[in-house]
Structure formats: C-alpha cells, structure tokens
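**Q** give the three-dimensional model of this entry:
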Amino acid sequence: MFENKWQSVSFFIGILFLVLSIAFIVLVGFDYQVFLLGTFSATAFFITYAAKQASQFKQANQLASLLQRHENKLQICNKHLSPSYLNEPVEVEISQISSITILAASLSVQLMQDEQLNQFTLTGSTTEIKQRVEQLLTEQELQRISIQ
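**A** Predicted structure coming up:
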C-alpha cells in the first residue's frame, strides 16, 4: 500500500490527528475552535503529503510527462499541485508557435496570431526544460522558433 517510509509515517500521523480531533469534539464539543482548526489542518497536511509521495503523482509531475509531442502538436501541462486534481494538458500547434521563453521552472509560448503569452509552470531547471524542448522539436522547427 505504501511505497516508502515517509508516505506511511505521514499518513498515520494524519490519521492520528483526525482521531484526536474527533475525540476532542466528542469529549469537549466545539468550544475550542482554534484547536479543532489546528488538528484538521494537520490532518489535511499529513494526508496530502502522503498522497504526494505516491509514484503515480511523482510520475505525472516529471518533465517528460508535462511536456510531450504528439504528431504536430506540443502538449504542455502545468505542474500538478494536488494528487486529487491533475491539470489538463494544453495542445499547441507547433507550426503556430513563434517564440518560446524559458525561465526558472516555467515555459512561455507565444503563438503567431496572438500577442499574449501562454505561460506554464513546469518542474526542472532552465537547462533541463530547454533540453526537453530541443528534444521534441525538429531542426527546421528549432530554426523557425525563437527560443530564449
């Protein structure tokens, strides 16, 4: 069920905080809202951390999964922040791209007919993102598209 030690520890600590808050509600009631808010917040933090340690979530957040090529389209997906909600990828026609700007952990794509930039948050350094873009595009596309 658990893939590593920290995933299981954080899950069980989250369950402990949940049981503690339920016991406090049963014994004392809702008189101490700050304590209840703190225990529910700790429960959410530890259980979310455990879910983020899952290999499926880590795989979905790798650069190769976030930035892919399908035929003549570049499929870009923002970094997933929660295991319960995975972002939908955006498909961009490669022939419509005029420039790509790469900054720290982000990618901006400008299309020929648009003046606005489409910005995406990715994982990885600037050089890793640039290498991934260069892997996905052909030589002719790299010459036509301005990469900064």
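**Q** so how far is the helix or strand containing Val26 from its chain's centroid?
**A** Assigned by DSSP states H and E, Val26 belongs to helix 5-27. Offset of helix 5-27 from its chain centre (Cα atoms, centre = their mean, to the nearest Å): 26 Å.
**Q** over to the nearest residue to Ile76 once chain neighbours are set aside: give its phi and psi.
**A** Closest residue to Ile76 apart from its sequence neighbours, by Cβ to Cβ, 6 or more residues apart in numbering: Phe120 at 5.0 Å. For glycine as for every other residue, the C-beta is placed from the backbone atoms N, C-alpha and C. Phi and psi for Phe120, reported as degrees, to the nearest 10, are phi -130, psi 140.
**Q** verify the stated contact: Phe120 with Asn78.
**A** Yes: at 5.3 Å, Phe120 counts as touching Asn78 under the criterion of Cβ atoms under 8 Å.
**Q** pull up the overlap in contacts between those two.
**A** Common neighbours of Phe120 and Asn78 are listed as Leu66 (criterion: Cβ atoms under 8 Å, 6 or more residues apart in numbering).
**Q** out of these two, which sits in the busier spot?
**A** When neighbours are counted by other Cβ atoms under 10 Å, Phe120 comes out ahead of the other of Phe120 and Asn78, with 21 against 17.
**Q** my guess is Leu66 contacts Ile76. True?
**A** Yes: using Cβ under 8 Å, Leu66 is in contact with Ile76, at 7.0 Å.
**Q** now do the shared contacts for the two.
**A** Counting by Cβ under 8 Å, 6+ apart, the residues touching both Leu66 and Ile76 are Phe120, Leu122.
**Q** which one of those two has more residues nearby?
**A** Set Leu66 next to Ile76 and count neighbours by other Cβ under 10 Å: Leu66 wins out with 24 against 20.
**Q** surely Glu93 and His70 touch.
**A** No: counting by Cβ under 8 Å, Glu93 does not reach His70; the two are 11.0 Å apart.
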